[in-house]
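Engineer: Sharing a model that was predicted from the sequence below.
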Amino acid sequence: MRLYEYQAKKIFQKYGIAIPNGHVAKSTEEIVGVSHLLTLPLVLKAQVLAGGRGLAGGVKFAHTPDDVVKIGSELFDHPIGIEKPAAFLVEEKLSVIQELYASVTWDYQRKCAVLIGSSRGGVDIETVTKEHPEDVVKQYVDPFLGFSAYQARTMAGMIGLKGQNLNQYASALTILWSVFQQCDAELVEANPLALQESGVVALDAKIVLDDRSIFRQSVLLSQIEELTPQASTGLEYRRSRAKKWGIPTYIEMPQGNLGIIADGAGSGMLTLDLVTDQGGKTRVYCEMGGEITPELMEKTMMAALSLENVNVLLVNLIGGLNRMDEMAIGITNYLSKNSSKTPIVVRMSGTRQEEGRKILAASGIPFFDDLDKAVEEAVRSSRRN
């Protein structure tokens with residue numbers, strides 16, 4: 001679960017990392033209104049879940065009240081890639097001595113957490129690592145010993161900091177480690193972490209929570225102000241929505257036009273391969289996993305068919321634990337509530353398949369017992385549409 005910048009900053013502030021003075025605005029009028037509570041110049045930052053917003057025009061600077069009005073009237077109509085800004089964070093622009101980088105994430109090859117620091121903040125860390133590897137330091141964390149204060153000070157010294165600056169940066173690293181542990185995070189990043197006379201300030205913040213541990217973070221999530229769901233429509237939002245709906249796997253492939261829903265990993269991977277072998281191109285792939293209910297089937301249909309450029313939907317269902325009649329009910333429930341004209345091809349085989357097929361037949365939905373034939377029909381249909 002990826003958090004918006006303003007949500008991540010509130011967590012940073014709670015744990016003791018300073019953030020700029022600012023407010024969240026969800027309309028042009030609110031941008032102008034909150035600007036009167038702050039000191040110019042201001043920075044207006046689009047709240048989107050995808051990266052690259054700076055290059056996409058999602059960060060603007062306002063030096064006068066007229067700038068605020070002009071920029072505020074333009075921002076909500078300016079998409080960031082394919083994502084519409086959910087809101088804007090309006091902050092006071094700070095003068096800084098140096099922009100640094102600090103993060104905690106997982107190293108899946110070493111199977112442990114790693115803290116990363118750099119004297120080059122405000123730049124994509126992968127770019128810095130590639131072009132200036134000497135300016136990046138890493139500290140791998142022993143899961144039994146944890147991350148200590150002396151390791152934080154060592155990292156601060158290795159990126160060239162001294163004296164009070166070294167201590168302030170080391171303290172920030174230690175706090176990021178606490179956030180990473182206590183919030184069940186996959187990534188905690190401050191980029192840039194600005195160095196000022198008074199200390200360090202997180203000018204930007206990124207937190208990605210582990211979806212598998214969300215059940216432990218009910219208190220944390222209850223303290224985070226949420227944005228209205230309809231305000232964001234980009235890829236990260238759709239992934240987050242799928243997770244909330246209980247869909248374990250949701251993958252988009254921008255070059256395709258065929259949607260795939262499967263009830264298991266093995267059958268899903270086989271379906272993907274067969275579609276490719278037939279010359280088809282997948283647009284979205286959804287995998288539902290075990291214990292599928294009619295409600296989950298209906299929501300998965302919605303997730304797949306609400307995406308643009310899906311010309312046909314192929315549903316591959318092999319019932320073991322899952323009942324075919326319940327999944328058929330989910331499919332027909334979706335169609336009864338939504339006026340979708342997208343062709344749907346279903347391969348259905350398994351527990352209570354006859355009952356499920358009767359439900360589909362009553363709604364005029366074609367079904368197959370043979371997966372090859374179902375794939376052939378879906379690919380053929382995707383070419384016609």
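Structural biologist: Nice, I can see it.
Engineer: Could you report the pLDDT at Leu258?
Structural biologist: Reading off the confidence values, Leu258 has pLDDT 96.
Engineer: Count the residues that sit near it.
Structural biologist: If you count neighbours by other C-beta atoms under 10 Å, Leu258 ends up with 27. From N, CA and C alone the C-beta is placed, and that goes for glycine too.
Engineer: Which residue, neighbours along the chain excluded, lies closest to it?
Structural biologist: The spatially closest residue to Leu258, leaving aside those adjacent along the chain, is Ser382, at 4.6 Å (C-beta to C-beta, 6 or more residues apart in numbering).
Engineer: Now do the residue nearest the centre of the chain against Ala50, distance only.
Structural biologist: Taking C-alpha atoms, centre = their mean as the criterion, Glu236 is the residue nearest the geometric centre of the chain, at 3.8 Å. Applying C-beta to C-beta, to the nearest Å, one obtains 5 Å for the distance of Glu236 from Ala50.
Engineer: Now do the shared contacts for those two.
Structural biologist: A shared contact of Glu236 and Ala50, defined by C-beta atoms under 8 Å, 6 or more residues apart in numbering, is any residue touching both; here these are Glu83.
Engineer: List the contacts of Arg323.
Structural biologist: Contacts were defined as C-beta under 8 Å, 6+ apart; by that measure Arg323 touches Thr351, Arg352, Gly356.
Engineer: and the residue nearest to Leu258, that's in a strand?
Structural biologist: No: inclusion of Ser382 in a strand is not indicated when DSSP: H, G, I helix; E, B strand; the rest coil is applied; the result is helix.
Engineer: Retrieve the pLDDT associated with it.
Structural biologist: You'll see Ser382 listed with a pLDDT of 90.
Engineer: Run a quick neighbour tally on the residue nearest to the residue nearest to the centre of the chain when sequence neighbours are not counted.
Structural biologist: Taking C-beta to C-beta, 6+ apart, and ignoring the residues beside it in sequence, Glu236 has Leu49 as its nearest neighbour in space, at 3.1 Å. Other residues near Leu49 number 23, with proximity taken as other C-beta under 10 Å.
Engineer: Just say helix, strand or coil for Leu49.
Structural biologist: Counting by three-state DSSP, the three-state call for Leu49 is coil.
Engineer: Next: Gly160.
Structural biologist: Assigned with three-state DSSP, Gly160 falls in the coil class.
Engineer: wait, it sits on Ser118?
Structural biologist: No: with contacts defined as C-beta atoms under 8 Å, Gly160 does not count as touching Ser118, sitting 10.1 Å away.
Engineer: Please say which of these two ends up with more neighbours.
Structural biologist: Taking Gly160 and Ser118 together and counting by other C-beta under 10 Å, Ser118 has the greater number of neighbours (26 against 12).
Engineer: what residues are up against the residue nearest to that one when sequence neighbours are not counted?
Structural biologist: Residue nearest to Ser118 in three dimensions, not counting chain neighbours: Tyr101, with 3.9 Å by C-beta to C-beta, 6+ apart. Contacts for Tyr101 (C-beta under 8 Å, 6+ apart) come out as 116-123, 125, 128, 190-193.
Engineer: what about Tyr101, distance to Leu173?
Structural biologist: Counting by C-beta to C-beta - Tyr101 and Leu173 are separated by 11 Å.
Engineer: try Leu145
Structural biologist: Relative to Leu173, Leu145 is positioned 16 Å away (C-beta to C-beta).
Engineer: Looking at those two, which is more packed in?
Structural biologist: More crowded of Leu145 and Leu173, by other C-beta under 10 Å: Leu173, with 26 against 8.
Engineer: Extract the C-alpha trace of the longest helix seen in the chain and format it as PDB.
Structural biologist: When the chain is scanned for its longest helix (criterion: DSSP state H), the result is helix 163-182. Below are the C-alpha coordinates for helix 163-182, written out as PDB (Å, rounded to 0.1, in the frame of the first residue of the first chain):
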ATOM      1  CA  GLY A 163      29.800  17.700  13.700                       C
ATOM      2  CA  GLN A 164      26.200  18.600  14.300                       C
ATOM      3  CA  ASN A 165      25.200  17.900  10.700                       C
ATOM      4  CA  LEU A 166      26.400  14.300  11.200                       C
ATOM      5  CA  ASN A 167      24.400  13.800  14.400                       C
ATOM      6  CA  GLN A 168      21.200  15.300  12.800                       C
ATOM      7  CA  TYR A 169      21.400  13.100   9.800                       C
ATOM      8  CA  ALA A 170      22.200  10.000  11.900                       C
ATOM      9  CA  SER A 171      19.200  10.700  14.100                       C
ATOM     10  CA  ALA A 172      17.000  10.900  11.000                       C
ATOM     11  CA  LEU A 173      18.300   7.500   9.800                       C
ATOM     12  CA  THR A 174      17.500   6.000  13.100                       C
ATOM     13  CA  ILE A 175      13.900   7.400  13.000                       C
ATOM     14  CA  LEU A 176      13.400   6.100   9.500                       C
ATOM     15  CA  TRP A 177      14.400   2.700  10.700                       C
ATOM     16  CA  SER A 178      11.800   2.900  13.500                       C
ATOM     17  CA  VAL A 179       9.100   3.900  11.000                       C
ATOM     18  CA  PHE A 180      10.200   1.000   8.800                       C
ATOM     19  CA  GLN A 181       9.900  -1.500  11.600                       C
ATOM     20  CA  GLN A 182       6.900  -0.200  13.500                       C
END
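Engineer: got the buried residues for that helix?
Structural biologist: Residues of helix 163-182 classed as buried by neighbour count (16 or more other C-beta atoms under 10 Å): 165-177, 179-180.
Engineer: repeat for stretch 70-82
Structural biologist: Buried residues in stretch 70-82, counted by 16+ other C-beta under 10 Å: Ile71, Gly72, Leu75, Phe76, Pro79, Ile80.
Engineer: Right, I'll call it a day here.
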